[in-house]
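>>> any chance you can model this:
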Amino acid sequence: MTAVGTGVLALAATLAAAAVDRLLFGDLGVLFGLGYLVVCFQLAVRVRLADLPAAPISGPIAFALALVCFAPGAASGVTGQVVALASGLALRAGWLFTGTGLAAVVVAARFLAQRRIRRSRAS
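Residues are numbered from 1 along each chain as shown. Take a look at the predicted model:
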């Protein structure tokens, strides 16, 4: 998967997880968080080697956009929207950091494995 595909998949899957969680439970909770973890893992595993940095970057962007679209409570004005987003990110920081860290660890492991393979072929 390319970097652009990673971003599109991250956005679509994270928004879908947020929509289902909001529809079933009325808030973004555990289902949204678990969906985000699955998305981050899949992105890190499926991205091309040339586009490895895209996996840990696209997940948090999709997470923030899902919060903007599906977080409960209507905030009026730009300031209200920014405060609502900051609050949503702060309340769900555990999911956000876990998913992003998972993607970063998988990407780092893939990068190191590929580097080791290239070194062994060169010798």
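
>>> give me the helices and strands touching the one helix or strand in the chain whose mean pLDDT sits lowest, please.
Within the chain, no helix or strand scores below helix 77-91, which has a mean of 88 by mean pLDDT, DSSP states H and E. Counting contacts by 3 or more Cβ pairs under 8 Å, 6 or more residues apart in numbering; DSSP states H and E, helix 77-91 packs against helix 54-70. C-beta here means a position set from N, CA and C on the backbone, and glycine is covered the same way.

>>> the helix it packs on: which residues count as buried?
54-60, 62-63, 65-67, 70 (16 or more other Cβ atoms under 10 Å).

>>> which parts of the least confident helix or strand of the chain are buried?
With the criterion 16+ other Cβ under 10 Å, helix 77-91 contains buried residues 84-85, 88.

>>> which residue is nearest the middle of this structure?
Nearest to the geometric centre of the chain sits residue 59, at 2.1 Å (Cα atoms, centre = their mean).

>>> for that residue, give me its contacts.
10, 14, 36, 39-40, 43, 99-100, 103 (Cβ atoms under 8 Å, 6 or more residues apart in numbering).

>>> do you know how far the residue nearest to it when sequence neighbours are not counted is from residue 108?
With sequence-adjacent residues excluded and distances taken as Cβ to Cβ, 6 or more residues apart in numbering, residue 59 is closest to residue 40, at 4.5 Å. Per Cβ to Cβ, to the nearest Å, residue 40 is found 14 Å from residue 108.
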